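Trainee: what's the 3D shape of this:
(chains A, B, C and D)
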Protein chains: 4
Amino acid sequence: MDAASKHENHLPDLAITSLGAPSADSPLTEARFVNDEERVLVHSRLSDIEPLIKNSSAPSFEIAGPRRKIFFDPKDLTCGIVTCGGLCPGLNDVIRSVTLSLLWQYKVKRVIGFRYGYNGISSNAYEDPIELTPDTVSAIQHIGGTILGSSRGPQSPADMVDQLIANNVRILYIIGGDGTFAGGHDIANEITKRQLPISVIGIPKTIDNDIYCSEKTFGFGTAVEHARSAIHSAHTEARGAWNGVGLVKLMGRDSGFIAASATLANSDVNFCLVPEVPFELDGRDGFLARLVDRINRKRHAVVVAAEGAGRYLEKTGRKDASGNEIYPDIGFFLKERIRRHFSEQNIPVTVKYIDPSYMIRSVPANAADSQFCIQLGQNAVHAGMAGKTDMFVAYWNNHFTHVPLAAAVGRRKKLDPASELWQGVIATTD
Amino acid sequence: MDAASKHENHLPDLAITSLGAPSADSPLTEARFVNDEERVLVHSRLSDIEPLIKNSSAPSFEIAGPRRKIFFDPKDLTCGIVTCGGLCPGLNDVIRSVTLSLLWQYKVKRVIGFRYGYNGISSNAYEDPIELTPDTVSAIQHIGGTILGSSRGPQSPADMVDQLIANNVRILYIIGGDGTFAGGHDIANEITKRQLPISVIGIPKTIDNDIYCSEKTFGFGTAVEHARSAIHSAHTEARGAWNGVGLVKLMGRDSGFIAASATLANSDVNFCLVPEVPFELDGRDGFLARLVDRINRKRHAVVVAAEGAGRYLEKTGRKDASGNEIYPDIGFFLKERIRRHFSEQNIPVTVKYIDPSYMIRSVPANAADSQFCIQLGQNAVHAGMAGKTDMFVAYWNNHFTHVPLAAAVGRRKKLDPASELWQGVIATTD
Amino acid sequence: MDAASKHENHLPDLAITSLGAPSADSPLTEARFVNDEERVLVHSRLSDIEPLIKNSSAPSFEIAGPRRKIFFDPKDLTCGIVTCGGLCPGLNDVIRSVTLSLLWQYKVKRVIGFRYGYNGISSNAYEDPIELTPDTVSAIQHIGGTILGSSRGPQSPADMVDQLIANNVRILYIIGGDGTFAGGHDIANEITKRQLPISVIGIPKTIDNDIYCSEKTFGFGTAVEHARSAIHSAHTEARGAWNGVGLVKLMGRDSGFIAASATLANSDVNFCLVPEVPFELDGRDGFLARLVDRINRKRHAVVVAAEGAGRYLEKTGRKDASGNEIYPDIGFFLKERIRRHFSEQNIPVTVKYIDPSYMIRSVPANAADSQFCIQLGQNAVHAGMAGKTDMFVAYWNNHFTHVPLAAAVGRRKKLDPASELWQGVIATTD
Amino acid sequence: MDAASKHENHLPDLAITSLGAPSADSPLTEARFVNDEERVLVHSRLSDIEPLIKNSSAPSFEIAGPRRKIFFDPKDLTCGIVTCGGLCPGLNDVIRSVTLSLLWQYKVKRVIGFRYGYNGISSNAYEDPIELTPDTVSAIQHIGGTILGSSRGPQSPADMVDQLIANNVRILYIIGGDGTFAGGHDIANEITKRQLPISVIGIPKTIDNDIYCSEKTFGFGTAVEHARSAIHSAHTEARGAWNGVGLVKLMGRDSGFIAASATLANSDVNFCLVPEVPFELDGRDGFLARLVDRINRKRHAVVVAAEGAGRYLEKTGRKDASGNEIYPDIGFFLKERIRRHFSEQNIPVTVKYIDPSYMIRSVPANAADSQFCIQLGQNAVHAGMAGKTDMFVAYWNNHFTHVPLAAAVGRRKKLDPASELWQGVIATTD
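Mentor: Next comes the predicted model:
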């Protein structure tokens, strides 16, 4: 949100909604309680903040954490958890943390898990919800994926609210990305319309780390770790052949954070292609000419491409069910274009293409992500118990924060080409 | 070679060729020396062996190891190493072991590494050979691939022998598969024709473990380890979706050892498809009907296919440069056929296809493979120093052995459907 | 058993005991059945075997595998499993394989797991046995250790047989080392005395790989893999200091297989100390003088010691509860002696001592060990169902075999200093 | 630095010293240049900052990054690197980043590496410095430890400055902890005294993450990852025995960050003991009584202790060469006290003690640490080239920053018992 510092007027509304005034005493005894008045600044540079403070217009996030007064009575409370969208390392850690924090810290009556995404909350659910107990979740953090299953696509908010009522669910934890949050926001709106005391709390899950208003998301670090292994393989393959090119496609439909971080963590990458930084294939300074130059100098090269890189280079003309244009697979596309270009120039080349996506997103979380997931889950539980709703738990300047769901809908965090991250990539590639 | 026990008349000639009588004393002081008369039986079952022994026709392999008398004078000796074909975990371990064993144990004058396969021994070499010293090879075992580079395809034997002479190479170590050994056999024939004192020693490299007359080959165990990780990912992806299918293509153009071993090491595989066991796609007992049945019972399934499985199912009609028929990619083919079949039956399905091949073959060797590589290299050095030629080092009934190169040309070890390995796969799948 | 080839008269009796003639048809349909007459030779070298065959005195093992006729009626059958002694990678794989093979392949009525070793079969059991179902064991192979728990030490055979009867157990699977097998043999004797139809089948568990009459045991390969990592750490620490010594103690009370294999798999080890090869600390050619020489030449050194190495160097004079002499910890002892020796010679030295034992034995099995565990378990189930008893499943010359429990009691497989393994260690160290 | 928000008057002086006004143009063309006026706030909470801003007393750090004007002329510049103190994952990544950034980005003439810590800069150096080239450092990030070697303890600042002059070194990069920075500050003072144009730039290396004024340090995340593995082993061992206790000692002489983070990343820990949170062994609510209670409830327990935990519990009475009191090993101490306590209560117990320290600190950096190391190294190079001196590169609120060396001398970052980290530990243990 470096950009935000110059466009603070574009910042979404950061005020958090509550179901009502929390009135019961929290059962937590040892915790340091947090007040709603504690806020963390969006900006951290002195020069940005000085005028904002003086104008009393410094944007800030509500700080997450346990509240001394809570809204729900734990002893009658049923909570639900749902996981939506693609797999991401740490999903089970979050499910486990939310479940154990509800049952052990707050001693709520019951936690259920809806199966296979929003479908599991609908009246057409493939499978019934399952009860989540300490036994059910005790060792799930060692396993990748989600024990609840997942799916893509929306369901009717009205139908889902009916099912929440039928299951007596008063806090719904939704673990997903911006599409999931759009759906959660619709559920919250339906709940408001019906004036129901049901809270909807989001936990951002995007392996691409592109959720707006959160510095980091779980699973991203694990993904970078394994992406680095794939790049090592590509480097080894590239060096194994004369004029060898190792080509790796990494996740990142709109944001190149995984590609950039894995590149910077590795330094054997020569070309890093991301959606935020356009490039040309042809021409004197185009990617293909630079690749030929690199191959002629060093006899091998490693190319990393985020899946959304170079989207403008070719169009399939096809659209998916939702009407979004389908783009060609950048990996196959580049592989073909590299081969053709080298062939036209009569330069032998061996291209090895690696697409590690499913092998990355399905692994268990690394230690840093596990720790982050546990803390995310604990804070999501605190927020729900306090009666917050229509919001998600984020992370900013070393604090867990509360952000309205609406703030992340229709916006994405992007890699800033002027950032230290991308400048570091430039300094270490080619 | 279970089959061999019934068809011993089909066993290739196992006699080893020498350049001449070894006459110098070995510089090795501590080793237990081995005689050429020490042989290990091909068979190990009592009932097979009894009649053969009584007929004096029990086939056996010459045992590898250091000889008391050697053929070459180390102080003037230059040796060469070349790596050919696809990458395989352990290549650098073998290069290191051969180099250090020559330089430290036998104190030979010089070891050179030819670059990028047989091309590097030709007069059209892309790159000159490099000298291999203890410093050059000291830490290469931690890195996957081959520091020499590799390539596919033959070169003129006469030209290669000219280059060996030009480089003063007296022992050539060739690390490769059956195609490489065919080339090595041609070099050995050319050397015989010219009556030169040059030894050609093979070290079998086949990640598929399909070299004839050797129970195991380096890199295979490492490949199975990483294949298992890919299967875990497929299992996680399959369970993450309602009616989820995880599909993994593994190496194995002609032999299904990797697919079968990884399946047995994992037990989350439901269908294991290998070249040696034909299957039908359609029909009541066909693969697709069985997959539907499995999905309806359990809502997820894992399918593993060796790349050569079901080759007869579809033909591309295209041939490669060598005239071999090109087969379709079994992974994409199955993915498409599964989707179509489920669609025709109006059953929703989510298929996730994983092709981990380049991520597997490029990793460093695990400990067991590293140890095996070191011992292979040491035995190859012993064989070359003793003046053996036109042979490779193999492993049989717990002994390293000598096998003529010709014995592995045009033959492949296959998975026996009656074997314990495959019966174990049957018992644990579906 | 190289040594055995020269001392075949010392080979234990290899005849297998049965509870009676198997008479029921096996429910297995697809398997290749094995006859009791199928035997694998102990020896594999032609020169060893020729005279033995001609004398009709070639020792051989009964081959394991499914029998066409079985002894027990699966539909009323309860089987028990117990794990004894120290942890070893693969224990859960074996528990899982035995359970699933009994329930799925043979469709036995019930499988129970006794808790915490032989204590769990005694009338003083800490905990009651638990039922093992497909659900209970479905994912246990991903977790190290044993879900049943373990303990050391014997229990009264008569008491244990009483408990087996009380639990209606007809086949008892004991997973443990030679001490456990001694206990199992006592149980089998008690059963014979009472003429009960109860089978006792052993599955050898020794991370040291020192069970007699079996070429390999599960967990050993995994242990070598992780031992190699510990050695890498020692090497890194040694190189990080001027005159740095990295010292690693590895498992191996009586046999140095882990130390030797990890050394050979690594090649950064300079001194490998094992129980089978005595060494002196002091004197001109003693270990300490050689270490000083190495340090003076290279400024760092890596020392690996099996826990039983150099046992004669110092005595504690203490005995344990069983009357066995307690030996000093070789790691602390060497660390102290190295420091003192360098200090006496006024040579600075930095010694870093690593004892990775508990971090090695507690990990999950690698792929090769998992596969081996599954096949071991399947063969143990076949043997028990066929009515074999007082025996364990072993592995020899590529076949799973049956060996009497008594054959492994009071004997241990040792590293042969003349073997290829140890000669390879010599060639790559110092 | 939460505490700092209330004690800002205790904040050290944050002003950065320069050798002089930078006057040459930076050779960097693509970078986003940073001005010395860009500063990041120490605090990030709105309520802390408002009054500070209004008082114009908000403490802030100078932001790191490339400057448009530089102080040194690259074409004649020789720079030196030294690594001091214990090993830490990422040391080689930092050496590599500094070397490549100097040679490739700034095109300086020469980079040398001093060997074995400050000893290598002294006139009594064990070894001469080595030249660092792109070839020398190309693959060192794959290897743990430091290729330069390290040592502890100070050297005479005057002598070291003499050697810097003798080697023509104008920028010295010191990689180490607070003791190393104290030494670096002494060197800088000596340089000031002699009015020499030599810059001293620190790069903080503390595996414990306890450097003052930096949110994180390299190697810490990798250490937590591997500490978690050790805890898994302890958990497995604990569950393998009836009344089993797994005890792990982790790094952390003064700060418990590794212990707390690994505990939170794992959640199988029942007791986490750190230096910042005192505890009693005995008494009704003491650690031992709570451990007995846990064992009686669950039959196993995992205890994690930072090495500095419970330092007040027992004194050795011995002091080291520098006069610091030597404390007993908390691991052995606890193991003994646990055994004694259970024995006194006649409760059987099995304690398995794991000390993984050398196996943790010697591994290569994980991806996140590698990326951080590269960026640290780049920023250290920028700072040195700009003529900054007597400072180190830190990280704060998502920015790399400049901090005076003196600010980290005699201060340590401590775990705040009221922090989210420790509250999370409390919520998930016992």
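Trainee: going forward, measure contacts and count neighbours with C-alpha atoms only.
Mentor: Fine.
Trainee: now the residue nearest to the spatial centre of chain A. Its backbone dihedrals?
Mentor: For chain A, the residue whose C-alpha lies nearest the mean C-alpha position (Cα atoms, centre = their mean) is A:Thr206; its distance is 1.7 Å. For A:Thr206, the backbone dihedrals (degrees, to the nearest 10) come out as phi -150, psi 110.
Trainee: in contact with it: list those residues for me.
Mentor: Taking Cα atoms under 8 Å, 6 or more residues apart in numbering or on different chains as the definition of contact, the neighbours of A:Thr206 are A:Cys88, A:Gly176, A:Gly177, A:Thr217, A:Phe218, A:Gly219, A:Phe220.
Trainee: ok, these vs chain D, which is closest?
Mentor: For chain D, the nearest member of the contacts of A:Thr206 is A:Phe220. The distance, counting by Cα to the nearest Cα, is 10.2 Å.
Trainee: correct me, but that closest one touches A:Ile207?
Mentor: Yes: A contact is recorded between A:Phe220 and A:Ile207 when judged using Cα atoms under 8 Å, the distance being 4.9 Å.
Trainee: of those two, who's got more company?
Mentor: Higher neighbour count among A:Phe220 and A:Ile207: A:Ile207, with 28 against 25, using other Cα atoms under 10 Å in any protein chain shown.
Trainee: how much space between the more buried one and A:Gly153?
Mentor: Remark: distance between A:Ile207 and A:Gly153 (Cα to Cα, to the nearest Å) = 18 Å.
Trainee: circling back to that earlier point, between A:Phe220 and A:Ile207, which contacts overlap?
Mentor: The overlap between the contact sets of A:Phe220 and A:Ile207 (Cα under 8 Å, 6+ apart) consists of A:Pro89.
Trainee: which parts of stretch A:336-352 are buried?
Mentor: Of the residues in stretch A:336-352, those buried by neighbour count under the rule 16 or more other Cα atoms under 10 Å in any protein chain shown are A:Ile338, A:Arg339, A:His341, A:Phe342, A:Val349, A:Thr350, A:Val351, A:Lys352.
Trainee: report pLDDT for the fifth one.
Mentor: Spelled out, that is A:Val349. In this prediction, A:Val349 carries a pLDDT score of 97.
Trainee: residues contacting it?
Mentor: With Cα under 8 Å, 6+ apart as the criterion, the residues that contact A:Val349 are A:Trp242, A:Asn243, A:Gly244, A:Val245, A:Arg339, A:Phe342, A:Ser343.
Trainee: do that again at 7 Å, thanks
Mentor: Applying Cα atoms under 7 Å, 6 or more residues apart in numbering or on different chains, we find A:Val349 in contact with A:Asn243, A:Gly244, A:Arg339, A:Phe342.
Trainee: show the pLDDT at the first one.
Mentor: I take that to be A:Asn243. For A:Asn243, the model assigns a pLDDT of 98.
Trainee: thought A:Arg297 was touching it, still the case?
Mentor: No: counting by Cα atoms under 7 Å, no contact exists between A:Asn243 and A:Arg297, whose distance comes to 9.9 Å.
Trainee: more neighbours: those two, which one.
Mentor: Summary of the neighbour comparison: A:Asn243 and A:Arg297, criterion other Cα under 10 Å, with A:Asn243 having more neighbours (22 against 11).
Trainee: could you measure from A:Ala125 over to chain D?
Mentor: A:Ala125 is 33 Å from chain D, where distance means Cα to the nearest Cα, to the nearest Å.
Trainee: hmm, A:Asn119 and that residue touching each other?
Mentor: Yes: under the criterion of Cα under 7 Å, A:Ala125 is in contact with A:Asn119, at a separation of 5.2 Å.
Trainee: hey, C-alpha coordinates of the helix or strand hosting A:Val393 in CSV?
Mentor: For A:Val393, the element it lies in under DSSP states H and E is strand A:391-396. This file holds the C-alpha atoms of strand A:391-396, laid out as CSV (Å, rounded to 0.1, in the frame of the first residue of the first chain):
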residue,chain,number,x,y,z
MET,A,391,-15.1,-8.3,8.2
PHE,A,392,-11.9,-10.3,7.9
VAL,A,393,-8.7,-10.6,9.9
ALA,A,394,-5.7,-9.1,8.2
TYR,A,395,-2.1,-8.2,9.1
TRP,A,396,-0.5,-4.8,8.9
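Trainee: direction included, what does it pair up with?
Mentor: Sheet partners assigned to strand A:391-396 using DSSP bridges are listed as strand A:199-204 (parallel), strand A:399-404 (antiparallel).
Trainee: alongside chain B, which residues does chain A contribute?
Mentor: Residues of chain A lying close to chain B by Cα under 7 Å from any Cα of the partner chain are A:116, A:144-146, A:149-151, A:230, A:233, A:236-237, A:239-242, A:354, A:358-359, A:362-363.
Trainee: find the nearest non-adjacent residue to the residue of the stretch 201-350 of chain A found nearest chain D, please.
Mentor: Ranking the residues of the stretch 201-350 of chain A by distance to chain D (Cα to the nearest Cα) places A:Ala265 first, at 4.1 Å. Distance criterion Cα to Cα, 6 or more residues apart in numbering or on different chains; nearest residue to A:Ala265, sequence neighbours excluded, is D:Gln371 at 4.1 Å.
Trainee: what do you get for A:Phe287?
Mentor: The shortest distance from A:Phe287 to any residue that is not its chain neighbour, by Cα to Cα, 6+ apart, is 4.8 Å, and that residue is A:Leu281.
Trainee: which residues make contact with stretch A:278-295 from outside it?
Mentor: When contacts are taken as Cα under 7 Å, 6+ apart, the neighbours of stretch A:278-295 outside the stretch itself are A:Asn243, A:Ala301, A:Gly310, A:Ile338.
Trainee: does A:Ile174 sit in a helix, a strand or a coil?
Mentor: Secondary structure, DSSP: H, G, I helix; E, B strand; the rest coil: A:Ile174 is strand.
Trainee: grab the nearest non-local neighbour of A:Pro275.
Mentor: Excluding the flanking residues, the one nearest A:Pro275 by Cα to Cα, 6+ apart is A:Ala309, at 4.0 Å.
Trainee: for the stretch 101-250 of chain A, which spans come out with low pLDDT?
Mentor: Across the stretch 101-250 of chain A, no stretch falls below the confidence threshold (pLDDT under 70).
Trainee: which of the contacts of A:Thr206 lies at the shortest distance from chain B?
Mentor: For those, the minimum distance to chain B (Cα to the nearest Cα) is 10.3 Å, reached by A:Cys88.
Trainee: tell me, how many neighbours does the closest one end up with?
Mentor: Under the criterion other Cα under 10 Å, the count of neighbours that A:Cys88 has is 27.
Trainee: surely it and A:Pro204 touch.
Mentor: No: with the criterion set as Cα under 7 Å, A:Cys88 and A:Pro204 do not qualify as a contacting pair; they are 10.8 Å apart.
Trainee: returning to that earlier point: quick one: residues contacting the residue of the stretch 201-350 of chain A closest to chain D.
Mentor: With contacts taken as Cα under 7 Å, 6+ apart, A:Ala265 has the following neighbours: D:Ala367, D:Ala368, D:Ser370, D:Gln371.
Trainee: ok, of the contacts of stretch A:278-295, which one's closest to chain B?
Mentor: A:Asn243 (10.0 Å).
Trainee: need the contact list for the closest one.
Mentor: Contact partners of A:Asn243, counting by Cα under 7 Å, 6+ apart, are A:Ile295, A:Arg299, A:His300, A:Pro348, A:Val349, A:Thr350.
Trainee: can you redo those as TSV with distance to C:Phe257?
Mentor: Formatted as TSV, the entries for the contacts of A:Asn243 read as follows, by distance: Cα to Cα, whole Å:
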residue	distance to C:Phe257
A:Ile295	47
A:Arg299	43
A:His300	41
A:Pro348	48
A:Val349	46
A:Thr350	43
